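**Student:** sharing a sequence plus its predicted fold:
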Amino acid sequence: MGHSHNHNHSHKEIKGKNLLISIVLNTAITVAQVIGGIISGSLSLISDALHNFSDVVSLIISYIANLLAKKEASIKKTFGYKRAEILAAFINAATLIVVAIILIIEAIKRFKTPEIIESNIVIWLSLLGIVANGFSVLLLKKDSEANMNMKSAYLHLLTDMMASLAVLIGGLLMKYYQLFWIDSVLTLAIALYLIWVGYDLLKDSFKVLMLFTPDSIKIKDIVLEIQKIDTVKNVHHIHLWQLNEQETHFEAHIDFDSDIKLSEFDVILNAIQDILFHKFEINHVNIQPEFGKCDDKEVIVQD
């Protein structure tokens with residue numbers, strides 16, 4: 001069986017210190033908004049605090065996952081903790097949706113019985129949320145473009161900054177126009193937005209965890225490319241999956257039309273590796289060569 005591993009892919013170094021700063025900031029915001037929400041009676045402020053609490057949890061998960069992902073592989077952990085960040089992204093996306101459902105339920109209850117709210121507290125604490133979350137968003141923006149785990153943390157902070165902005169607008173409307181029902185409307189809007197941003201990330205991380213074929217790669221195109229190589233008769237029993245965002249793995253059985261030498265196979269293996277890396281960005285290739293073997297020649301075979 002031939003195996004090749006292309007080391008040309010780059011593993012972007014993620015700045016754990018930025019996550020740590022964001023954790024401290026969001027912990028402070030959460031405590032302040034919970035106290036302020038109770039004193040003012042604002043559900044939207046409490047909902048923003050609850051969202052901030054989910055941010056703190058998600059950022060801690062992301063920070064731990066970031067540390068684990070850097071640990072070396074071992075005899076008992078041959079892949080190391082390379083999937084830790086994908087798992088963190090899945091958990092964080094799921095918490096966004098759970099928080100959103102809780103907020104929707106509370107918003108409906110409050111909408112039926114609106115309460116008078118101390119709008120000054122709402123205004124000042126929402127401003128605090130905008131500034132602190134805005135700073136955290138800037139810290140994580142660059143890393144979020146190349147890492148699903150960091151993207152999940154970034155989305156938590158970005159949505160919370162937008163939620164704080166909405167709460168600020170609501171606080172101003174309550175202060176100057178006594179529109180206290182706007183508190184429930186804003187809470188509902190924040191919750192629906194959380195579901196919208198969380199769903200795509202939940203779906204993408206779930207696909208990686210379930211070893212689904214990456215959406216950007218078509219297995220039939222790979223088969224056609226490999227079968228263009230001389231002496232290759234058939235490509236079958238294919239598995240294609242992402243270990244994490246940097247590593248895409250491919251394994252297959254290749255049936256040759258002649259009984260080639262091992263040295264000849266090595267040349268073909270190198271050619272296959274180049275095709276898969278440059279055309280499909282696949283960097284781990286594992287090929288089982290066959291000649292005259294009676295096995296299932298279907299492209300996909302259930303193990």
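**Tutor:** Right, received. Where do you want to start?

**Student:** A strand includes Leu211, no?
**Tutor:** No - counting by DSSP: H, G, I helix; E, B strand; the rest coil, Leu211 is not part of a strand but coil.

**Student:** now it: closest residue in space that isn't a chain neighbour?
**Tutor:** Closest residue in space to Leu211, ignoring its immediate chain neighbours: Trp241 at 4.0 Å, by Cβ to Cβ, 6 or more residues apart in numbering. Heads up, the C-betas are built off the backbone N, CA and C, glycines and all.

**Student:** got the phi and psi for that neighbour?
**Tutor:** The phi and psi values for Trp241, taken as degrees, to the nearest 10, are phi -150, psi 160.

**Student:** tell me the contacts of it?
**Tutor:** Residues near Trp241 by Cβ atoms under 8 Å, 6 or more residues apart in numbering: Val208, Leu211, Phe212, Thr213, Pro214, Thr248, His249.

**Student:** any idea how far Ile300 lies from His51?
**Tutor:** 42 Å (Cβ to Cβ, to the nearest Å).

**Student:** same deal with Gly37?
**Tutor:** Computed as Cβ to Cβ, the Gly37 to His51 distance reads 12 Å.

**Student:** these two: which has the busier surroundings?
**Tutor:** His51 (29 against 23; other Cβ atoms under 10 Å).

**Student:** I'd like to know how many residues surround the closest residue in space to that one that isn't next to it in sequence.
**Tutor:** Among residues not flanking His51 along the chain, Asp160 sits closest, at 5.1 Å (Cβ to Cβ, 6+ apart). By other Cβ under 10 Å, 28 other residues sit near Asp160.

**Student:** Thr213 now?
**Tutor:** 16.

**Student:** quick check: phi and psi at it.
**Tutor:** The phi and psi values for Thr213, taken as degrees, to the nearest 10, are phi -60, psi 130.

**Student:** helix, strand or coil for the residue nearest to it when sequence neighbours are not counted?
**Tutor:** Nearest residue to Thr213 in three dimensions, chain neighbours excluded: Leu240, at 5.0 Å (Cβ to Cβ, 6+ apart). The three-state label given to Leu240 by three-state DSSP is strand.

**Student:** so Leu240 bridges to which residues?
**Tutor:** Phe250 (DSSP bridges).

**Student:** in contact with it, which residues?
**Tutor:** Thr213, Pro214, Ile217, Ile219, Ile222, Thr248, His249, Phe250, Ile282.

**Student:** what's around the nearest residue to the last one once chain neighbours are set aside, how many residues?
**Tutor:** Read it as Ile282. Using Cβ to Cβ, 6+ apart and skipping the chain neighbours, the partner closest in space to Ile282 is Leu276 (4.0 Å). Burial of Leu276 is recorded as 23 neighbouring residues (other Cβ under 10 Å).

**Student:** relative to Gln242, how far out is Leu276?
**Tutor:** Distance, Leu276 to Gln242, using Cβ to Cβ: 14 Å.

**Student:** can you check Lys203 too?
**Tutor:** From Lys203 to Gln242 the distance is 14 Å (Cβ to Cβ).

**Student:** same question, Met148
**Tutor:** Counting by Cβ to Cβ, the gap from Met148 to Gln242 is 10 Å.

**Student:** who touches both of these two?
**Tutor:** Shared contacts of Met148 and Gln242 (Cβ under 8 Å, 6+ apart): Val208.

**Student:** helix, strand or coil for His253?
**Tutor:** Strictly by three-state DSSP, His253 counts as strand.
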